[in-house]
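Participant: okay, predicted coordinates and the sequence, questions at the end:
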Amino acid sequence: MKFEYLLLGLFALRPHSGYDLKKWLAGGGKFFRSNSDQSQIYRLLARMEGNGWITHKVDPREKRPDAKLYSITDDGRAELLRWARSTYVPPSRFQDADFLVRFVFGGIVDPVGLRELITTELQARKDQVARYRGRDRTQQYINPIPEVDIDRANLLFELSHIRGMAEIDAWINWLEEMLVALDAAQITNPAE
C-alpha cells in the first residue's frame, strides 16, 4: 500500500497539517501504518503537492510557528478515486495494511467497489486455508547448531501454525460479518 493513498483518504475528509497527520498516525492511524516519522511525512507532502494532489495554505498561529494546512485538489480526488476503484490484488499475508486502508478510505469514496473488495479478500483467504491448512508441516533439520532443541523447535513451529489458523479463521469470520452488516445497511448491496 502506498502511503499517499492513506493520506489522500485523510485529506478527503478534511484539511490537515503535517503535525495533524503525525499525531493521527501515532494514535489510531498506527493500525493503518506504523513507524512514520515527521520528516518522511513532510517529504511525502511535498511530493504529493508536486504531483498536484494537494495544495496548502499558511495557517497563522499566535505565539507558535505558522502551519501549512494541506487540502486535497481535484487531481488528488481523481487519484484517490482511481486507486479506490482499481483492482485489489490480495497480498500473501492477510495482516498487510493494504486491505484495511482500502476498506476504510476506499470504501468511503467508492461504496459500490466495497463489496468486490471484501469478496476478493474473502475468497483469497478461503483459498489459502484450503491450500495450506493440511500441508505437511514437517521441518527439515540438517546439521542444526547445537543450541537447537528439535523437539522444542517442532513444538514452537506447530504452536505458531495453530495461532495463524486462529487468526485467519477470525479474519474470514470478520469479512463475512462485514458483508452481512454492510448489505443490511444497503451500502454494498443498495436497494433497487
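Facilitator: Good, I have the coordinates.

Participant: same for the longest helix seen in the chain, what does it pack against?
Facilitator: Longest helix of the chain, by residue count under DSSP state H: helix 150-184. The contact analysis (3 or more C-beta pairs under 8 Å, 6 or more residues apart in numbering; DSSP states H and E) places helix 150-184 against helix 111-132. (C-beta placed from N, C-alpha, C; glycine too.)

Participant: so for the helix it packs on, what gets flagged as buried?
Facilitator: By 16 or more other C-beta atoms under 10 Å, the buried positions in helix 111-132 come out as 111, 113-115, 117-118, 120-122, 124-125, 128.

Participant: do stretch 36-47 as well
Facilitator: 36, 41, 44-45.

Participant: helices or strands up against the worst-scoring helix or strand of the chain on mean pLDDT?
Facilitator: When each helix and strand of the chain is scored by mean pLDDT, DSSP states H and E, helix 107-109 comes last, with a mean of 88. Other helices and strands packing on helix 107-109, by 3+ C-beta pairs under 8 Å, 6+ apart, are helix 3-13, helix 74-85, helix 111-132.

Participant: as JSON lines, those helices with distance to Ala184 and mean pLDDT would be great.
Facilitator: Shown next, in JSON lines, are the helices and strands packed on helix 107-109 (distance: least, C-beta to C-beta, whole Å; pLDDT from 0 to 100):
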{"stretch": "helix 3-13", "distance to Ala184": "24", "mean pLDDT": "94"}
{"stretch": "helix 74-85", "distance to Ala184": "22", "mean pLDDT": "95"}
{"stretch": "helix 111-132", "distance to Ala184": "13", "mean pLDDT": "94"}
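
Participant: can you tell me how far the most centrally placed residue in the chain is from Ile72?
Facilitator: Note on the chain: the residue nearest the mean C-alpha position is Ala97, at 2.6 Å, using C-alpha atoms, centre = their mean. Distance of Ala97 to Ile72, computed by C-beta to C-beta, to the nearest Å: 21 Å.
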